[in-house]
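Visitor: mind folding the following:
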Amino acid sequence: MSRRLLVALLPALALLLGGCPEVARPVLSVAHEPARPSRPAAPVAEVATREPTDAQHAAPVAEVAPIEPPDAPPTAPVFERVELEARAMGTRVVLAAYPTETLDRAAVKRALDDALAEIERLEALMTPWRTESELSRINEAAGKAAVPTGEDTLAVIARSLEVAKASDGVFDITFASMGKLWRFDHDRVAEIPDARALAKARRNIDYRGVVVDAAARTVKLARKEQRIDLGGIAKGYAVDRASAVLRAAGLSSFYVQAGGDLYIAGTKPDGEAYKVGVRDPRGPDGSFFARLPITDRAFSTAGDYERAFLKDGRRYHHIIDPRTGYPATASRSVTVWAKDAFTADAIDDAVFILGPEKGLRLVESIADCGAVIVGADNTVWISSRLKPILEVLHAPTDGT
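Guide: Below is the predicted model of the structure:
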């Protein structure tokens, strides 16, 4: 009998433009469940797919799940998957790989341990929750001095500034300058901050105040009130670095997931591709409305359903639009497909905030990149590179 491996990612995952700690999404839960009859794709009338246009949508990103393909025939060699689960970078981390003819289970386990150690090393550099981290030292010296940083932190910050410029500033790591006016993390409170306080804090959000000196390997914040947070991009970088560790160990069939960021390498031992499910943003936890095969690709998701609350019939969530200081309203979820997790994680929040039309234009401008967007009105938008391979199972569930 076939099985499905369902990985419910948390997070939408979003950088989490909400920036934060190490709490986060309902992250990756791995579940084996019996195969169910496949559901036919919804008719076009049910799930509308549109090309981006010049018209502008005003309105308030998706979750993925690797699904195991059928088991190999009984006569084929059996390679049992080795898994490692942990918490790092404020979320649940899952690494899994298959033994090979030359790497037994013990060797695979050592490789997974090394990959997790790499993620934990990067977390120590870029977390805002440890005073000794490079990120905390940059924030502490805001408006005063340039801070020496290692190549990893420098690379993530430099990429953040590139995405900020490409997205007209909607992705901005200085969103952390707003402090804790919104509380969507372990200190969650279903309260809307004072409008005047938001307006005042928002004036300090400006990525152009982050000065990177690549030659000197330093970073400086121009104003003393400014702060940065890498929660919306660092996980993708860490997933790629962990994947590099597994490849260097000789593994070619594996996946690495940190919250809403996922990279899948190779295929199952029987040659079947993994399939990835796109989270239904208003459906039950773990449900998905579309799926597609994936090999040697990354997925990153962002959604308004994870760190969120409802108040007076309106949904408030952790992905903040720096242009307003309030949660973005143009999308319900965004799933970005790319060659590497760093790229996917770097743009999912930007696409979420920009909305379907402008967001898809950004996606289409990046090589080997695609996206599935559920807009504020529950309409599904699919980028050109994914249209030939995405299987829509049914319309996303509607609701607030």
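
Visitor: tell me which element the residue nearest to L221 when sequence neighbours are not counted falls in.
Guide: Spatial nearest neighbour of L221, chain neighbours left out: A142 (3.9 Å); criterion: C-beta to C-beta, 6 or more residues apart in numbering. Quick note: C-beta positions are derived from backbone N, CA and C, even for glycine. Under DSSP states H and E, no helix or strand contains A142.

Visitor: for A142, what are its contacts?
Guide: 221, 223-227 (C-beta atoms under 8 Å, 6 or more residues apart in numbering).

Visitor: of those, buried ones?
Guide: 221, 225-227 (16 or more other C-beta atoms under 10 Å).

Visitor: rewinding a little: which one of the contacts of A142 is nearest E306?
Guide: Nearest to E306 out of the contacts of A142 is R227 (C-beta to C-beta; 22.6 Å).

Visitor: surely the closest one and I173 touch.
Guide: No. The pair R227 / I173 is not scored as a contact, 9.1 Å apart, by C-beta atoms under 8 Å.

Visitor: where are the low-confidence patches of this structure?
Guide: Where the chain drops to pLDDT under 70, the residues are 1-79, 186.

Visitor: okay, helices next: where are they in it?
Guide: In the chain, the helices defined using DSSP state H lie at 105-126, 134-140, 151-166, 195-202, 234-248, 341-354, 356-364.

Visitor: looking at these, which is closest to R81?
Guide: Shortest separation from R81 across those is recorded for helix 105-126, at 9.0 Å, computed as C-beta to C-beta.

Visitor: circling back: turn the helices of the chain into a markdown table, including distance to T397 and mean neighbour count.
Guide: Shown next, in a markdown table, are the helices of the chain (distance: least, C-beta to C-beta, whole Å; neighbours: other C-beta atoms under 10 Å):
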| stretch | distance to T397 | mean neighbour count |
| --- | --- | --- |
| helix 105-126 | 33 | 19 |
| helix 134-140 | 37 | 20 |
| helix 151-166 | 30 | 18 |
| helix 195-202 | 31 | 14 |
| helix 234-248 | 27 | 24 |
| helix 341-354 | 18 | 30 |
| helix 356-364 | 18 | 22 |
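
Visitor: could you dump those into a markdown table and include distance to V256?
Guide: Output for those, formatted as a markdown table (distance: least, C-beta to C-beta, whole Å):
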| stretch | distance to V256 |
| --- | --- |
| helix 105-126 | 7 |
| helix 134-140 | 22 |
| helix 151-166 | 16 |
| helix 195-202 | 35 |
| helix 234-248 | 5 |
| helix 341-354 | 8 |
| helix 356-364 | 23 |
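
Visitor: what's the closest of these to G283?
Guide: Taking these one by one with C-beta to C-beta, helix 341-354 is closest: 18.1 Å.

Visitor: for that closest one, packing partners?
Guide: helix 151-166, helix 234-248, strand 261-265, strand 297-303, strand 331-338, helix 356-364 (3 or more C-beta pairs under 8 Å, 6 or more residues apart in numbering; DSSP states H and E).

Visitor: between these, which gets nearest to F288?
Guide: So among those, strand 331-338 is nearest, using C-beta to C-beta, at 9.8 Å.

Visitor: neighbouring strands for the closest one, and are they parallel or not?
Guide: Using DSSP bridges, strand 331-338 pairs in its sheet with strand 297-303 (antiparallel), strand 370-375 (antiparallel).
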